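A.B. asks: the following block contains a protein sequence and its predicted model.
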Amino acid sequence: MKGKNLYSIIAIVLILITYVCYVVNTHKYSKPEIVIWSDIRSYYSYLPATFVEKDYTMQFLSNPDAANKHMYRAKKIPDERYVGKTSMGLSIMYAPFFFVAHALADTIGYEANGFSVPYAFALVFSCIIYLAIGFFLLRAVLLRYFKDKIVAITLIIIGLTTNLFWYATMEAPMSHGYSFALFCAFLYLMEKWQEKQGWGVTLLMGLVVGLISLIRPTNAVIIIVFLLYNITNFKEIKTRVRLFLGNYWKIIVMAAGVFIVWLPQLLYWKSVTGSWFFYSYVGEQFYFDDPKILSVLFSFKKGWLVYTPVMAFAIIGMGMLWKTNKKYFYPVLLFSIINLYIISCWWCWWYGGGFGMRALIESYAILAIPLATFLAWLARQKMPIRIPLCIVVLAIAAQSTFHSVQYHYGSIHYAWMTKEAYFDSFWRVKPSKEFKSLLSPKSAPVKDTKKEEKKL
């Protein structure tokens, strides 16, 4: 290789070192109760229930004296049985690291109960390892179209200046880092499949799409990118249809890969609830006639471009794709629009507690392409234009990064931010004495979502 494309490798190493140093410095993995909490308990419960309690149905939770009962998160259904609220996609990704922790816990002096320090450590670092794989796969995709330095800057922006940083470190076992890595794998495999429809790549594509959708079913919208990749006019739609029809057995194998991943979930639901499909989010729903797109993008409560403003350059880059990389113009544009619409229709459009618009984090893998497109355009400009624009980009990237610092110290609230609270904390590391009084703890009840949203 001899020095070829070293900048992007250095960028990934820098990102990973930063993640590890931050995690080690905070020692969060030494406190399982703050690693395995909130939604993570729901994602993770399948593993300790099955391999520690030997009861994958989680019916042991009906026993008030059950060990670590408070660390599980399952939904009680009308016939007094318990069922996992979230699907088991993340448990599948946690599993290799869980098994290592489970095998070593007793040996290194901890309880092998699923909730001691080795398990918390395994969960946190599993995310970083998956992200390492994801970044290298994304790098391989980007290097097809952009120079090494542009790829390096793109990766650093996504890895260190967006809210992905927070979900790679302090809330690593949440779904977003894993889904981001899977989106990167999807892009890599998709391009390989378009070049040569091999059986191995075909099956891997199905397995990756299966995991993506099992972790968060709405993320199945990524299939749009596969369907529209390299289509730039209506005539090419016919060519794409012929490609799929000519490889129909491989499309069947791809679908089989998705089914293989989903099969344990279907069997679980059938065993516990009696139905092959079970909707565990009773009372929570999408309002497709009332999307909160402007709130998702610009609200001070959780607006994506308010708390991750650096991604505005990815939006600008979308318009540039038509001239520089047409094969990605329609898939990126339509994926982004439909994904944003779906996310904005959820009853709780701000997605509860968390840093920024976390539901969009996995899409950064797709948005890396228009972001790199913008940066490549910027690099081609003459000095009188490039210098001031670079200063603007650096300033916005710095602001985006500083939001992570503020969130760490509490000057950005996890759910109740307002315009007044935001500007009170503007470039302030720690919250002021007035900060709490400027927050708005309004949270729409599930059943009254639309009514309450009109009040906010």
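C.D. replies: Nice, thanks for sending it over. Residues are numbered from 1 along each chain as shown.
A.B. asks: roughly how far is stretch 345-361 from the heart of the chain?
C.D. replies: Averaging C-alpha positions (Cα atoms, centre = their mean, to the nearest Å) puts stretch 345-361 11 Å from its chain's average.
A.B. asks: name the residues of that stretch that are buried.
C.D. replies: By neighbour count, with 16 or more other Cβ atoms under 10 Å as the criterion, the buried positions of stretch 345-361 are 345-347, 349-351, 354-361. (C-beta placed from N, C-alpha, C; glycine too.)
A.B. asks: in helices, which of those fall?
C.D. replies: Taking DSSP state H, the ones among the buried residues of stretch 345-361 that sit in helices are Cys345.
A.B. asks: mind listing what's buried in stretch 332-349?
C.D. replies: Neighbour-count burial for stretch 332-349, with 16+ other Cβ under 10 Å as criterion, is recorded at 332-333, 335-336, 339-340, 342-347, 349.
A.B. asks: ok, stretch 229-247 next?
C.D. replies: Applying a neighbour-count criterion of 16+ other Cβ under 10 Å, the buried positions in stretch 229-247 are Tyr229, Asn230, Ile231.
A.B. asks: could you check how far the closest residue to Glu171 other than its chain neighbours is from Ile343?
C.D. replies: Of all residues not flanking Glu171 in the chain, Gly354 sits nearest, at 7.4 Å (Cβ to Cβ, 6 or more residues apart in numbering). Noted for Gly354: a distance of 13 Å to Ile343, by Cβ to Cβ, to the nearest Å.
A.B. asks: one more: Leu207?
C.D. replies: Distance from Leu207 to Ile343, by Cβ to Cβ: 25 Å.
A.B. asks: buried ones in the host helix or strand of Val392, by neighbour count?
C.D. replies: With elements delineated by DSSP states H and E, Val392 resides in helix 383-409, which encompasses its position. Of the residues in helix 383-409, Val393, Ile396, Ala397, Gln399, Ser400, Thr401, Phe402, His403, Ser404, Gln406, Tyr407, His408 count as buried by neighbour count, 16+ other Cβ under 10 Å.
A.B. asks: does the second one touch Pro309 like I think?
C.D. replies: Yes. Counting by Cβ atoms under 8 Å, Ile396 does reach Pro309; the two are 5.1 Å apart.
A.B. asks: who touches the residue lying farthest from the centre of the chain in this structure?
C.D. replies: Ranked by distance from the centre of the chain (Cα atoms, centre = their mean), the top residue is Pro384, with 37.9 Å. If a contact means Cβ atoms under 8 Å, 6 or more residues apart in numbering, then Pro384 has no contacts.
A.B. asks: how near is the closest residue to Trp427 other than its chain neighbours to Val310?
C.D. replies: With Cβ to Cβ, 6+ apart as the criterion, Trp427 has its nearest non-adjacent residue at 6.9 Å, and that residue is Phe402. With distances taken as Cβ to Cβ, Phe402 is found 11 Å from Val310.
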